[in-house]
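In: Please work out how this folds:
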Amino acid sequence: MNESVNTSAPTLDDTTKGNLMQWVTVVGLVYLLICAVGMIGGGFKMATGEQAKELFAFASNPFAGLVIGTVATALIQSSSTVTSIIVGLVAGGLPVEVAVPMVMGANIGTSITNTIVSLGHVRAKEEFKRAFSAATVHDFFNLMSVVIFLPLEMAFGILQKLGSMLAAPFYDAGNVSMGGMNFVKAATAPIVGNAKNVAGNFGDHIGGIMLIILGIAVIFVAITLIGKLLKKLMVGKAKEIMHTAIGRGPISGIASGTLVTVLVQSSSTTTSLMVPLAGSGAFNLRQIYPFTLGANIGTCVTALLAATAVTGNAEAALQIAFIHLTYNVLGVLVIYGLPFTRYLPVYAAERLGETASENKMVALAYILGVFFVVPGLCLGVSAML
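Out: Presented below is the predicted three-dimensional model:
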């Protein structure tokens, strides 16, 4: 008796069609992300009217803003989500000077993901030492950036000035001067406008709050799904780029870290991909270190994209997105560019990795302390001042 067995594999056409549909879905989700940022800006403006500055008076202390950005990102585990929300809030009236420390805090909070990933190597002492060091080098770099640039920003407003300069060419007397951006606003206007109209039926305050909540929810879902789809589509390519570029010099490492993060739209994913490589000993910490710096730069793309189509104070929204980019680029140029500061994060991460491998409770205390306990104490102290 002959039995026919269906051994046919998916054809190339089937695979191509599947990938094409996934890319179309990514584009659709990016569109929703941009719409959601517009909703947050519109909702915030509706809910606060002209009182936005007073509403965030508690965060006018830069340390409070820093803590808010750190804890929010540590909880959500996505700096792209948090910075996109910040862009929407700025478009709705949140003062740029209040938003700057929040963006800095988002950089710190995002590094919790790869630190948690390193705990997967905890059973093997040497492997855990290497993995935990590779994860926390990102933390120490971001902490150093804050220590250097937050005081400078408080004293001179350097990042605000640079962000304003970069945003200015896109605007002419408050209107977008580059025609290429107009179609983005036009494309998102129907959804954002209809959402505002529906929310307006509940009154400005209630409707504005509803619009903010909806926008945050859509951003969270959109970025999560974009990340999953891009991982499926691009992580294989990302790993190839990593293996090709890591160990070929700092410029190659930084460039590849930036590119991989743009491809997968998640600095957490990028840095987490390195942890197993470090744990296995395939690459040492100094080889991986530049790659993490590139991840910081690549993660800025989401907020920049979101800022191109917001309503309300659009120029300020683009300014804060450029501030995020400028801050991360300057961090690389200053900390990595100067020989006497270049490897300070590496030394600190190596010492912490050695200590944590001897006493595993140190790793847990570090995660809870840096990302939750210390920020909480700082927020409490700043509230009393």
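In: can you list the weak-confidence ranges in the stretch 101-250 of the chain?
Out: By pLDDT under 70, the weakly predicted segments of the stretch 101-250 of the chain are 171-186, 227, 230-231, 233-247.
In: And the strands in it, which stretches?
Out: 171-172, 175-176 (DSSP state E, counting those that start in this stretch).
In: count of neighbours near Tyr31?
Out: Residues lying near Tyr31 (other Cβ atoms under 10 Å) number 16. In short, each C-beta sits where N, CA and C put it, glycine included.
In: give me every residue that touches it.
Out: Counting by Cβ atoms under 8 Å, 6 or more residues apart in numbering, Tyr31 makes contact with 187-188.
In: For it, identify the helix or strand it belongs to.
Out: Here Tyr31 sits within helix 12-48, counting by DSSP states H and E.
In: Quick check: closest non-adjacent residue to Ser145.
Out: Gly331 (3.9 Å; Cβ to Cβ, 6 or more residues apart in numbering).
In: no, scratch that, I was asking about Val71
Out: Pro375 (5.1 Å).
In: Is the one you found part of a helix or strand, or is it coil?
Out: helix (DSSP: H, G, I helix; E, B strand; the rest coil).
In: any idea how far it lies from Met102?
Out: Per Cβ to Cβ, to the nearest Å, Pro375 is found 12 Å from Met102.
In: between those two, who's got more neighbours?
Out: Met102 (29 against 24).
In: Setting aside sequence-adjacent positions, which residue approaches the more buried one most closely?
Out: Gly69 (3.8 Å).
In: Now name the helix or strand holding the one you found.
Out: helix 62-76.
In: Mind listing what's buried along that helix?
Out: Under the neighbour-count criterion of 16 or more other Cβ atoms under 10 Å, helix 62-76 has 62-74, 76 buried.
In: Just list the residues touching the residue nearest to Val71, thanks.
Out: 67, 70-71, 105.
In: Next: Leu229.
Out: 22, 25-26, 29.
In: In this structure Leu94 contacts Ala47, no?
Out: No - Leu94 is beyond contact range of Ala47, at 11.7 Å (criterion: Cβ atoms under 8 Å).
In: still on that earlier bit, which of the buried residues of helix 62-76 scores worst on pLDDT?
Out: Of all these, Ile76 has the smallest pLDDT value, namely 73.
In: Excluding covalently adjacent residues, which one is nearest to it?
Out: Val82 is the one closest to Ile76 (Cβ to Cβ, 6+ apart), at 6.2 Å.
In: how many neighbours does that neighbour have?
Out: Val82 - counted by other Cβ under 10 Å - has 30 other residues nearby.
In: pretty sure it is in contact with Gly109, am I right?
Out: Yes - contact criterion Cβ under 8 Å: Val82 and Gly109 qualify, at 7.2 Å.
In: Now do the shared contacts for these two.
Out: By Cβ under 8 Å, 6+ apart, the residues touching both Val82 and Gly109 are 69, 72-73.
In: what helix or strand does the nearest residue in space to Thr113 that is not next to it in sequence sit in?
Out: Nearest non-adjacent residue to Thr113, counting by Cβ to Cβ, 6+ apart: Ser268, 3.7 Å away. Following DSSP H and E, the helix or strand that holds Ser268 is helix 267-280.
In: re the thing from before, spit out the contact partners of the residue nearest to Ser145.
Out: Counted by Cβ under 8 Å, 6+ apart, Gly331 has contacts 141-142, 144-145, 148-149, 293, 296.
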